[in-house]
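[1] kindly generate the corresponding structure for this input.
(one chain, ligands or ions: 2)
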Amino acid sequence: MDARTSVPPPVNEPVRSYAPGSPERASLAARLEEMAAAEPVELTACIGGERRLPGGESFEVTMPSDHHHVLGRSAHATAEDAAAAVQAAQAAAPGWAELPFDERAAVFLRAADLLAGPWRDTLNAATMLGQGKTVQQAEIDAACELIDFLRFNVAFAAQIHEVQPISSPGVWNRTDYRPLDGFVYAITPFNFTAIAANLPTAPALMGNTVVWKPSPTQQLAASLTMDLLTAAGLPAGVINLLPGDGLAVSDVVLPHRELAGLHFTGSAATFQHLWQEIGRNISGYAAYPRIVGETGGKDFIVVHPSADPAVARTAMIRGAFEYSGQKCSAASRAYVARSVWDQIRGELVEITDGLAVGDVRDLSAFTSAVIDQRAWTKHRDAIERARADATCEIVAGGTVDDSVGWFVRPTIIVSDDPGNEVFNTEYFGPILGVLVYDDADFDRVLEVVDSGAPYGLTGAVIADDRDAVLRASRALRHAAGNFYVNDKPTGAVVGQQPFGGSRTSGTNDKAGSMWNLIRWTSPRSIKETLVPPTSVGYPHMGPEAS
Ligand SMILES: NC(=O)c1ccc[n+]([C@@H]2O[C@H](COP(=O)([O-])OP(=O)(O)OC[C@H]3O[C@@H](n4cnc5c(N)ncnc54)[C@H](O)[C@@H]3O)[C@@H](O)[C@H]2O)c1
Ligand SMILES: N[C@@H](CCC=O)C(=O)O
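    Ligands and ions are numbered 1, 2, ... in the order given. Purely as a prediction, here's the structure:
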């Protein structure tokens with residue numbers, strides 16, 4: 001409970017263009033070159049503010065687009081590291097929870113401003129080199145989305161604190177937005193620096209302390225994010241970073257009595273495993289852990305006969321192939337009316353086959369390599385299966401090359417079998433399945449889209465006919481937590497399109513919104529009677545009752 005002043009009203013961080021000749025391009029290019037030329041850096045854990053290498057087996061962080069290029073060296077956190085991180089989180093908890101909200105908020109507002117200014121090139125360059133993002137994709141993630149998460153969450157948290165109960169005469173009721181009764185475990189994916197930072201910082205803003213386990217392939221940007229938060233004044237022990245695969249960490253953290261919450265983003269399979277582990281341990285917790293998880297997708301684009309062909313083509317290419325399709329929101333299945341398909345097929349294939357796919361240091365690249373050998377192999381195998389499948393035709397891409405980086409050409413597979421794996425399996429890469437339907441079958445195809453995959457994350461309808469938009473919106477109400485009309489299904493902006501999906505895609509708690517922050521507080525209702533009664537009797541008992 002604390003008195004607060006008003007917080008700065010947030011606005012979305014403007015996306016810089018990095019166009020040739022722009023000052024931001026020159027500045028970023030210089031930092032990129034400097035970081036790429038540097039000796040591999042040591043990517044340490046941060047436990048109670050102390051930076052040190054964990055005790056487990058070492059691993060290297062390499063460039064996806066140049067896999068011989070080692071950017072950093074780290075090691076897997078052990079059970080001992082995990083126990084130390086939990087202890088550090090517990091030790092920091094009372095002081096952090098007692099700090100007035102404004103003081104906590106100031107740390108994250110400061111981090112946002114540092115990132116918008118002197119840290120921008122560094123985190124963008126780390127995200128480009130370590131996670132294989134082009135400059136545009138790094139800018140919308142590591143700079144803008146992360147700055148937005150930090151600033152908007154402060155404003156959303158302040159709004160939550162303002163939600164207070166009514167009080168009847170003689171009584172003052174209050175809601176005390178307590179942190180959870182224990183620590184939060186944040187496990188984050190490789191593909192977004194912003195998500196990796198949001199998952200530990202959102203619970204921390206609400207007064208919790210956190211054990212943060214980022215993805216090994218995101219470790220370079222994760223380590224720098226920890227440095228940024230420290231530079232912004234985050235006290236030691238509030239967020240404790242543990243590098244590595246997390247297996248030994250989970251053995252310690254998941255059954256821990258004080259585990260109060262899991263904040264996860266990653267694949268559905270990993271989330272289900274973690275949830276099962278929590279379920280297995282349910283009788284051993286001090287309080288029921290909150291479970292928030294955003295997972296995979298099989299995101300769709302439905303193209304109606306009334307669609308503008310250029311809009312459909314652009315949404316398909318950008319939606320499917322930006323960041324090589326490694327966004328949970330990426331379009332990976334498209335259902336296209338035959339009349340539109342006949343108009344766009346030629347250009348769609350020509351543009352896709354012409355996309356510049358290269359090293360992230362080449363700022364003219366449209367996209368780059370997939371994240372690692374495992375992803376590359378998965379895509380190579382999926383393409384080979386499609387090549388051998390009589391119901392599939394690979395009309396664009398279909399080639400892979402691992403000689404320098406983990407490259408998979410943007411690939412379009414047309415199939416007339418709606419049950420084919422290209423329409424229901426999340427590959428998490430640059431493969432788009434296309435089903436061409438007869439114009440008269442729009443309503444039937446909406447049913448196929450709705451039931452064709454187990455996910456419910458993002459989707460788009462491309463149509464100029466308002467009635468078609470309405471029919472799609474109704475039929476696909478539960479098929480996507482983020483639904484787009486005449487746009488690609490990627491690129492949600494904090495504060496504008498709160499992000500998340502249901503079904504197998506997650507708990508839909510909408511990252512970067514009030515709904516997510518609510519999960520990290522355990523409200524306490526306080527009633528204070530201003531002039532308390534001093535006699536036991538009630539009027540109905542008569543004047544003699546005392
Ligand atoms: N819905 C969303 O908002 C969203 C956003 C980004 C990514 N994703 C999804 O994430 C997936 C891609 O990311 P990924 O490859 O990093 O996912 P992943 O599930 O392989 O890994 C996610 C994280 O879990 C960790 N992990 C795995 N097993 C663990 C264990 N037993 N204990 C502790 N940590 C463990 C990994 O090391 C990593 O940090 C895709 O399915 C994508 O759709 C979803
Ligand atoms: N929020 C991002 C996707 C995050 C998942 O990878 C988008 O909307 O494109």
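[2] quick one, phi/psi of residue 468?
    Backbone torsions of residue 468, given as degrees, to the nearest 10, read phi -70, psi -40.
[3] for it, which non-adjacent residue is spatially closest?
    With sequence-adjacent residues excluded and distances taken as CB to CB, 6 or more residues apart in numbering, residue 468 is closest to residue 304, at 4.3 Å. Where C-beta positions appear, they are placed from N, C-alpha and C, glycine not excepted.
[4] what average pLDDT does stretch 48-58 get?
    Regarding stretch 48-58, the rounded mean pLDDT is 98.
[5] buried ones in it?
    Within stretch 48-58, the residues scored as buried using 16 or more other CB atoms under 10 Å are 48, 53, 54, 56.
[6] make CSV out of those and add secondary structure and distance to residue 21.
    Formatted as CSV, the buried residues of stretch 48-58 follow (DSSP: H, G, I helix; E, B strand; the rest coil; distance: CB to CB, whole Å):
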residue, secondary structure, distance to residue 21
48, coil, 47
53, coil, 42
54, coil, 44
56, coil, 47
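[7] sec struct for the residue nearest to the spatial centre of the chain, please.
    Here the mean C-alpha position of the chain is nearest to the C-alpha of residue 195 (CA atoms, centre = their mean), at a distance of 3.9 Å. Secondary structure, DSSP: H, G, I helix; E, B strand; the rest coil: residue 195 is helix.
[8] pretty sure it sits against residue 201.
    No. Between residue 195 and residue 201 there is no contact under CB atoms under 8 Å: 10.7 Å.
[9] what's the distance between the longest helix anywhere in the chain and the middle of its chain?
    Longest among the helix segments of the chain by residue count, using DSSP state H, is helix 79-98. Between the mean C-alpha location of helix 79-98 and the chain-wide mean there is a distance of 25 Å, by CA atoms, centre = their mean, to the nearest Å.
[10] what's the average pLDDT for that helix?
    98.
[11] does any part of that helix sit near ligand 1?
    No. Between helix 79-98 and ligand 1, judged by CB under 6 Å from any ligand atom, nothing touches; the nearest distance is 9.9 Å.
[12] what comes into contact with that helix?
    Helix 79-98 has contacts (CB atoms under 8 Å, 6 or more residues apart in numbering) with 45, 47-49, 54-56, 77, 104, 178-179, 183, 204, 207-211, 235-238, 240, 242, 248-249, 251-253, 256, 258.
[13] apply 6 Å and report the result again.
    45, 47-48, 54, 179, 183, 207, 209, 211, 237-238, 240, 242, 248-249, 251-253, 256 (CB atoms under 6 Å, 6 or more residues apart in numbering).
[14] helix or strand next in line after it, which one?
    helix 101-116 (DSSP states H and E).
[15] that following helix packs against which elements?
    helix 146-162 (3 or more CB pairs under 6 Å, 6 or more residues apart in numbering; DSSP states H and E).
[16] tell me the buried residues in the helix it packs on?
    By neighbour count on 16+ other CB under 10 Å, the buried set for helix 146-162 is 146-158, 160-161.
[17] now for those: which two are most distant?
    Spanning the widest gap among the buried residues of helix 146-162 are 146 and 161, at 23.2 Å by CB to CB.
[18] sorry, back to before: near ligand 1 too, which of the contacts of helix 79-98?
    Within the contacts of helix 79-98, those near ligand 1 by CB under 6 Å from any ligand atom are residue 249.
[19] remind me which residues of the chain are low pLDDT?
    Applying pLDDT under 70 to the chain flags the ranges 1-5, 546.
[20] spell out which residues of the chain are next to ligand 2.
    Residues of the chain lying near ligand 2 (CB under 6 Å from any ligand atom): 191, 192, 327, 328, 329, 490, 491, 492, 499.
[21] redo the residues you listed as CSV? Include distance to residue 173.
    Output for the residues of the chain next to ligand 2, formatted as CSV (distance: CB to CB, whole Å):
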residue, distance to residue 173
191, 44
192, 40
327, 44
328, 41
329, 41
490, 44
491, 42
492, 37
499, 34
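[22] which one of the buried residues of helix 146-162 is nearest residue 373?
    residue 146 (27.7 Å).
[23] helices of the stretch 351-500 of the chain, start to end?
    For the stretch 351-500 of the chain, applying DSSP state H, counting those that start in this stretch gives helices covering 373-387, 442-451, 466-475.
[24] in the second one, what's buried?
    So that's helix 442-451. Buried residues in helix 442-451, counted by 16+ other CB under 10 Å: 442, 445, 446, 448, 449, 450.
[25] and for the first one?
    With burial defined by 16+ other CB under 10 Å, the residues of helix 373-387 counted as buried are 375, 376, 378, 379, 380, 382, 383, 386.
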